[in-house]
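K.L.:
Pasting the sequence and the predicted model now:
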Amino acid sequence: MTDESRPVREEDAFDVEAVAAWLREHATAFREDLVGTPEVTQFPGGASNLTYRLRYPGRDLILRRPPSGVKAKGAHDMGREYLIQSELRPLFPHVATMVGHCTEESVIGSDFYVMEKVEGVIPRRDLPFEMPPEEVSRLCESVFDVLIELHSVDVSRSPALAALGKGEGYVDRQVGGWSTRFANARTDDTGDWSDVIAWLEEHKPRDVGQRMIHNDFRFDNLVLDADDPMKVVGVLDWEMATVGDPLMDLGGTLSYWVEPGDDEFFQMFRRQPTTTPGMWTREQVVQHYCERMGFSITSAEWRFYEVFGLFRLAVIAQQIWYRYFHKQTTNEAYAVFGPAVGYLETRCRSLIG
């Protein structure tokens, strides 16, 4: 796998020797490999938690911490992310082995956790290898079978995972929660989403179940085996994972799924290789998933999950646009998020008729 890490940004640097000393004393795995002080590089991107590579002579590890100056609470809860992966690892093999969670802020100024580095290939906007369409189709099947495997985990085997669930009403809570986030992020140019939100409220289905869900399951959060790219060896970024309705998880995944026939503006959203010849359509994904999970759902019933997924994506875009609009960030890459919200409004409205 190509090393995409880079020198650590000055504002994100930390005391490497302090981390190395802490690991030598507290690591729960690979302790025999943690000799000396590791070489540290940082992975670019990501608007949330910071990710670093710790390169020891015998092994590479990954360190995750909150952004500099941010306490590890709420959206930057390192302990929650570490706990979920620790508890899930025995039940779902596509999770990295956890090495340690440090709550002593005196070490680097925040808490952090360390895990093994899963070796392989991460597919991003385009596949990093040539594959004929029939193999691309098999890759699709392999990827969604991993999601099905996750949604089939028996969370009752882990009291800590089971405790993530709040019981029946996940769909209702999600609609209400994301509507509130949207209201709090409105700007002067935000369109009138009242009819879309009212439609979601009116068409909320009952939960189909309470399952372990990822909430950000995408190609660029997967690691494929470099020697056998049909095989998913790791699922990354468990920051938003919880116990809830699995169809809501699938709807969130497909909100990012751009097909070759989608219009030019939606093509701009593409961050995954979903237009590669052989990739499934959104309809094919839903059909395969529901057949395997034993869910019976009509196209009309699926529409709710599709609209909600796009609405949730619009809220995420609006929150980023809010920061740019109010000059809380000057990153010109965020300038497109305002028009994107407007586009998603139109797309949602076209689906609800």
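P.N.:
Received it, and whenever you're ready, just let me know what you need. Numbering: from 1, shown residues only.

K.L.:
Look up the pLDDT of residue 250 for me, please.
P.N.:
In this model, residue 250 is scored at 98, pLDDT.

K.L.:
export stretch 131-144 as PDB, just CAs?
P.N.:
Provided in PDB are the C-alpha atoms of stretch 131-144 (Å, rounded to 0.1, in the frame of the first residue of the first chain):
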ATOM      1  CA  MET A 131     -10.400  -4.900 -13.000                       C
ATOM      2  CA  PRO A 132     -12.800  -6.200 -15.600                       C
ATOM      3  CA  PRO A 133     -16.500  -5.400 -15.000                       C
ATOM      4  CA  GLU A 134     -17.300  -8.900 -13.800                       C
ATOM      5  CA  GLU A 135     -14.700  -8.600 -11.100                       C
ATOM      6  CA  VAL A 136     -15.900  -5.100 -10.100                       C
ATOM      7  CA  SER A 137     -19.400  -6.600  -9.700                       C
ATOM      8  CA  ARG A 138     -17.900  -9.300  -7.400                       C
ATOM      9  CA  LEU A 139     -16.100  -6.600  -5.400                       C
ATOM     10  CA  CYS A 140     -19.400  -4.900  -4.900                       C
ATOM     11  CA  GLU A 141     -20.900  -8.100  -3.600                       C
ATOM     12  CA  SER A 142     -17.900  -8.600  -1.300                       C
ATOM     13  CA  VAL A 143     -18.200  -5.000   0.100                       C
ATOM     14  CA  PHE A 144     -21.900  -5.200   0.900                       C
END
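
K.L.:
Could you list which residues are in contact with the residue lying closest to residue 58 once chain neighbours are set aside?
P.N.:
By the measure of Cβ to Cβ, 6 or more residues apart in numbering, the closest residue to residue 58 outside its immediate chain neighbours is residue 33, 4.0 Å from it. No exception for glycine: its C-beta is placed from N, CA and C like everyone else's. Taking Cβ atoms under 8 Å, 6 or more residues apart in numbering, we find residue 33 in contact with 56, 57, 58, 59.

K.L.:
Max pairwise distance over these: which two?
P.N.:
57 and 59 (8.1 Å; Cβ to Cβ).

K.L.:
between those two, which one's more packed in?
P.N.:
residue 59 (17 against 10; other Cβ atoms under 10 Å).

K.L.:
Which residue ranges of the stretch 251-353 of the chain form helices?
P.N.:
264-267, 282-293, 299-325, 337-352 (DSSP state H, counting those that start in this stretch).

K.L.:
got JSON lines for the contacts of residue 33, with distance to residue 20 and secondary structure too?
P.N.:
What follows is those, written out as JSON lines (distance: Cβ to Cβ, whole Å; DSSP: H, G, I helix; E, B strand; the rest coil):
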{"residue": "56", "distance to residue 20": "9", "secondary structure": "coil"}
{"residue": "57", "distance to residue 20": "12", "secondary structure": "coil"}
{"residue": "58", "distance to residue 20": "14", "secondary structure": "coil"}
{"residue": "59", "distance to residue 20": "13", "secondary structure": "coil"}
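
K.L.:
tell me the least confident of those?
P.N.:
Among the contacts of residue 33, residue 58 carries the weakest pLDDT, at 89.

K.L.:
Please tell me I have it right and that residue contacts residue 36.
P.N.:
No. Contact criterion Cβ atoms under 8 Å: residue 58 and residue 36 do not qualify, at 9.9 Å.

K.L.:
shared neighbours of those two, anything?
P.N.:
Here residue 58 and residue 36 have no joint contacts, going by Cβ under 8 Å, 6+ apart.

K.L.:
In stretch 219-229, which residues are buried?
P.N.:
219, 220, 221, 222, 223, 224, 229 (16 or more other Cβ atoms under 10 Å).

K.L.:
ok, and what's touching it?
P.N.:
Stretch 219-229 has contacts (Cβ under 8 Å, 6+ apart) with 1, 118-124, 129, 131, 139, 143, 146, 214, 230-237, 271-274.

K.L.:
From those residues, which land in helices?
P.N.:
With helices taken from DSSP state H, the overlap with the contacts of stretch 219-229 comprises 139, 143, 146.

K.L.:
Who's the closest spatial neighbour of the first one, skipping the chain neighbours?
P.N.:
Setting aside the residues directly before and after it, residue 139 is nearest to residue 230 in space (Cβ to Cβ, 6+ apart), at 5.7 Å.

K.L.:
my read: that neighbour touches residue 140, true?
P.N.:
No. Counting by Cβ under 8 Å, residue 230 does not reach residue 140; the two are 10.1 Å apart.

K.L.:
So if I had to pick from those two, which one is more boxed in?
P.N.:
Taking neighbours as other Cβ under 10 Å, residue 230 and residue 140 compare with residue 140 leading, 20 against 14.

K.L.:
gap between that one and residue 58?
P.N.:
Distance check for residue 140 against residue 58: by Cβ to Cβ, to the nearest Å, it reads 36 Å.

K.L.:
Check residue 211 too.
P.N.:
Distance of residue 211 to residue 58, computed by Cβ to Cβ: 38 Å.

K.L.:
For the buried residues of stretch 219-229, work out which two are farthest apart.
P.N.:
Of all pairs in those, the most separated under Cβ to Cβ is 221 and 229 at 15.9 Å.

K.L.:
Now do the same for residue 68: its pLDDT.
P.N.:
At residue 68, pLDDT is 63.

K.L.:
now do residue 226
P.N.:
In this model, residue 226 is scored at 92, pLDDT.

K.L.:
Please, which helix or strand holds it?
P.N.:
Assigned by DSSP states H and E, residue 226 belongs to no helix or strand.

K.L.:
give me phi/psi at the most centrally placed residue in the chain?
P.N.:
Centroid-nearest residue in the chain: residue 216, 2.8 Å away (criterion: Cα atoms, centre = their mean). When read as degrees, to the nearest 10, the backbone of residue 216 gives phi -160, psi 40.
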